[in-house]
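>>> Provided below are the primary sequence and the corresponding predicted coordinates.
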Amino acid sequence: MKAAYLIKYGASKTSFEIRETERPVPESNQVLIKVEAFGLNFADVMARLGLYKAAPPLPAILGYDVVGKVESVGSEVSNVKIGQRVTALTRFGGYAEYAIAEKEVVFPVPESFQVGVAVALATQYSTAYFLSHNMANLQENDKVLIHAAAGGVGTALVQMALHKKCTVFGTCGSPEKIEYLKQNGVHHPINYRATDFEESVWKVVGTVGLDAIFDPVGGKSVKKDYRLLGPGGRVFSFGVSSMNQTKSIFGKLRVLWQFGLYHPVQFLSNSKGIVGINMLKIAEENPEKIAKAMGAVIQMTEEGILKPHVGGEYSVKDIAAAHEFLESRKSTGKVVVKW
């Protein structure tokens, strides 16, 4: 089979090579999928830059989500059948013509689903569901700030917060994305490049802070997030995309320092909190929680509650361009690569 290997860290145009490799064989609790398409996630960009510690050593096959047909199953698999179209989470290995997934995170999807929709449900929408339903437990009338609201997870979080009847603030980095946020239903879209998002939020809420903030950016934005919280509010930090904006070790250390220093007594006295979420760790240790999220978002999409947006489709021969597009922060929704 063919696979897109990450062969060196750095610029996307020199980092990938299509190679022949052996087709994997599923173990008793695994499913082998003939991949129709795979999705890109910002963690892939971080891995390509050598900034994602969990990534396998080079040469590596990246990839966290795929859509395709079940090719074969292990002896303990009964939830899917050979020939079914499925979406699945992969612990790397998704950038290939055939990929392995654990049975718990493989779900049938309708033939009518676009490939980008199917893979968005596996990662971005399942992540958003876990954040909004399991971790934040959003309630009606909650005031919610979503950073990178035009991205894959951001788009999903907006739709879920709106479904919960929350008031939604969303940040993005261009006038074009402001229009996208408006179309997705964001009540208060904010271009963080043109205005300070903290000041913009305070102008709307007055002295009453926010109930939940979802932040995949990290660094100095988290400090502002914490100040924006009201009693009982929490920041959910699930990424450090700001790390890829600097190449020096000192710049990366500065980003980490910009998160700020906190103490549990500070959280206690202010009734506020900061929660860190690593979805790969959750998937490894508690796959049943991810499975529940995947099942829920597939059903919600079939019912028309969720509407995943596909922001770009590429051929595998153009994987470098796909990575560059995602890294440029010009993308909206899900970026997908097809075989």
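The structure has been received and is ready for your questions. None of the values given here were measured: they were computed from a predicted structure.
>>> spatially central residue in the protein, please.
The centre of the chain sits closest to residue 124, judged by Cα atoms, centre = their mean, with a distance of 4.0 Å.
>>> from residue 225, how far off is it?
Noted for residue 124: a distance of 21 Å to residue 225, by Cβ to Cβ, to the nearest Å. To be clear about C-beta, it is placed using only N, CA and C from the backbone, and glycine gets the same treatment.
>>> skipping adjacent residues, who's closest to the residue nearest to the centre of the chain in space?
residue 152 (3.6 Å; Cβ to Cβ, 6 or more residues apart in numbering).
>>> burial count for that neighbour?
Neighbour count for residue 152, taken as other Cβ atoms under 10 Å: 31.
>>> these two touch, right, it and residue 64?
No. Assessed by Cβ atoms under 8 Å, residue 152 is found out of contact with residue 64, at 11.4 Å.
>>> could you tell me which residues touch both of the two?
41, 123 (Cβ atoms under 8 Å, 6 or more residues apart in numbering).
>>> could you identify the helix or strand that succeeds the longest strand along the chain?
Secondary structure of the chain per DSSP state E: the longest strand is strand 30-40. Using DSSP states H and E, the helix or strand that directly follows strand 30-40 along the chain is helix 42-48.
>>> so what touches that next one?
6, 9-10, 12, 15, 52, 55, 60, 62-64, 151, 216, 239-241, 243-244, 280, 323, 326-327.
>>> one more pass at 7 Å, please.
Outside helix 42-48, the residues that touch it by Cβ atoms under 7 Å, 6 or more residues apart in numbering are 6, 9, 12, 15, 52, 55, 62, 64, 239, 241, 244, 323, 326-327.
>>> what does stretch 284-295 give?
89, 102, 104-105, 107, 121-122, 126, 129-130, 134, 282-283.
>>> now do the helices in this structure.
42-48, 115-120, 126-129, 152-163, 175-183, 197-205, 220-228, 249-258, 264-270, 279-285, 287-302, 319-327 (DSSP state H).
>>> ranking the ones you listed by mean pLDDT, which is last?
Note on these: lowest mean pLDDT is at helix 249-258, with a mean of 58.
>>> that older thread, could I get the contacting residues of the residue nearest to residue 124?
By Cβ under 7 Å, 6+ apart, the neighbours of residue 152 are 120, 124, 333-334.
>>> now residue 303: how far from residue 165?
To residue 165, residue 303 is 17 Å away according to Cβ to Cβ.
>>> before we move on, the earlier item: just the closest of the contacts of helix 42-48 to residue 196, please.
Lowest distance from residue 196 to those (Cβ to Cβ) belongs to residue 241, with 18.8 Å.
>>> which one of residue 303 and residue 165 has more residues nearby?
The residue with more neighbours, out of residue 303 and residue 165, is residue 165; 11 against 8, by other Cβ under 10 Å.
>>> surely the more buried one is in contact with residue 142?
No. Residue 165 is beyond contact range of residue 142, at 8.6 Å (criterion: Cβ atoms under 7 Å).
>>> for stretch 29-49, C-alpha coordinates in CSV please.
What follows is stretch 29-49 as a C-alpha-only set of coordinates in CSV (Å, rounded to 0.1, in the frame of the first residue of the first chain):
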residue,chain,number,x,y,z
ASN,A,29,-10.0,-5.8,18.8
GLN,A,30,-9.1,-3.8,15.7
VAL,A,31,-10.5,-2.8,12.4
LEU,A,32,-8.6,-2.4,9.1
ILE,A,33,-10.1,0.4,6.9
LYS,A,34,-9.5,1.0,3.2
VAL,A,35,-9.1,4.7,3.4
GLU,A,36,-11.2,6.9,1.2
ALA,A,37,-9.8,10.1,2.7
PHE,A,38,-8.1,11.3,5.9
GLY,A,39,-8.4,14.6,7.8
LEU,A,40,-5.8,17.2,8.8
ASN,A,41,-5.6,18.5,12.4
PHE,A,42,-3.5,21.2,13.8
ALA,A,43,-1.7,18.5,15.9
ASP,A,44,-0.4,17.2,12.5
VAL,A,45,1.2,20.6,11.8
MET,A,46,2.8,20.6,15.3
ALA,A,47,4.1,17.1,14.7
ARG,A,48,5.5,18.1,11.3
LEU,A,49,7.3,21.0,13.0
